[in-house]
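1. Sequence and predicted model, in that order:
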Amino acid sequence: MNLDASQMRRLEGTYRRRGSLVSFKVDTYIFVDNLVLVAGSEKQTLEAHSETGFSLKSMRYTFVADSNGAIRGITVAGPDYSNIAVEFWPLNDTPYDKPGPDRPSWREIAGRYAGQEYGQKVSAEVVVKNGYLYLDGPEETDWHGNMKLREDQPELFFTADGESVEFGSGKMAIGNRPFLKQI
C-alpha cells in the first residue's frame, strides 16, 4: 500500500519501548516516501498495510489513536518462539508538539543529578526543551534517550511509560531511586 508523506507524518515521533526510545520518521528515497524505524544508528523501512498498520520482517506495528485521532502509541506484535508476543510502546513526543508551559520554576529543577541504581553510581540530566522538562541518563539506564516529562502536579511528573519523577529541595526521585542535584 502506498501512503503519501502527510499520512505518515502524523505517526512521526519517539516512542518508549522496553529499555529505550525509538523513532519513527518519514524518509524519502528515490522520490518515494516511507516510514522508517530508527533505533540507535540502525534505520529500517517499514511496509505499509493501512494508514496505521505496518510491518517489518515478521513484526507488526499498529499505531493506536485516541477518540480524537491523536496517536497515543504503538502495539508491536511479533513471534516469540511458538507464541505471539505483544508490547505497547507509548508515544514520548513528536516533532510537531506545540511548545509547553516553560514554567520559571523549572529552571531550578533543570541540571545534573547523581544517584545509584543497583549499587552503581549513575547520573541523570534534566533539561527544558520546547517548553517541557526532559530526563536523560546513561545508556544502561531505563531513562536514557530524552524522556519527556508530563506534569501531574508541581514537582511531580511522569514519563510516557508511567515512571514517576519527583523533585524537591535539590533532590529528584525516579521511581524509588533517589538523586541529588550536582552543583
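-> Good, I have the coordinates.
2. where does the protein have low pLDDT?
-> Residues of the chain meeting the criterion pLDDT under 70: 80-84.
3. Let's see that with 90 instead.
-> 1-4, 18-20, 28-32, 40-41, 58, 78-86, 116-120, 137-145, 176, 183 (pLDDT under 90).
4. Could you say which helix or strand holds the residue most central in space within it?
-> Geometric centre of the chain, nearest residue: N92, 3.3 Å, by CA atoms, centre = their mean. Using DSSP states H and E, N92 sits in strand 83-93.
5. in that strand, what's buried?
-> Judged by neighbour count (16 or more other CB atoms under 10 Å), strand 83-93 contains these buried residues: 89, 91-93. All C-beta atoms are positioned from the backbone trio N, CA, C, and that covers glycine.
6. cool, stretch 149-160 as well?
-> The neighbour-count check on stretch 149-160 (16+ other CB under 10 Å) flags 149, 151, 157-160 as buried.
7. Same question for stretch 63-76.
-> Buried residues in stretch 63-76, defined by neighbour count with 16+ other CB under 10 Å: 63, 71, 73-74, 76.
8. Please compute how far that stretch lies from its chain's middle.
-> The chain centroid and the centroid of stretch 63-76 are separated by 14 Å, computed with CA atoms, centre = their mean, to the nearest Å.
9. Next, the distance between the ends of that stretch.
-> 9 Å (CA to CA, to the nearest Å).
10. coming back round to it: can you tell me which of the buried residues of stretch 149-160 lies closest to R9?
-> R9 lies nearest to A160 out of these, by CB to CB, at 19.7 Å.
11. And the helices in the protein?
-> Remark: helices assigned in the chain by DSSP state H are 5-9, 106-109.
12. what's the closest of those helices to D136?
-> Here helix 106-109 is closest among those (CB to CB), at 13.8 Å.
13. and the closest one, which residues are buried?
-> Applying 16+ other CB under 10 Å to helix 106-109 flags 106, 109 as buried.
14. name the helices or strands packed onto it?
-> strand 120-129 (3 or more CB pairs under 8 Å, 6 or more residues apart in numbering; DSSP states H and E).
15. Packing partners of the strand it packs on?
-> Under the contact criterion of 3+ CB pairs under 8 Å, 6+ apart, strand 120-129 touches helix 106-109, strand 111-117, strand 132-136, strand 171-174.
16. Including distance to M172, could the helices of the chain go into JSON lines?
-> Output for the helices of the chain, formatted as JSON lines (distance: least, CB to CB, whole Å):
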{"stretch": "helix 5-9", "distance to M172": "34"}
{"stretch": "helix 106-109", "distance to M172": "8"}
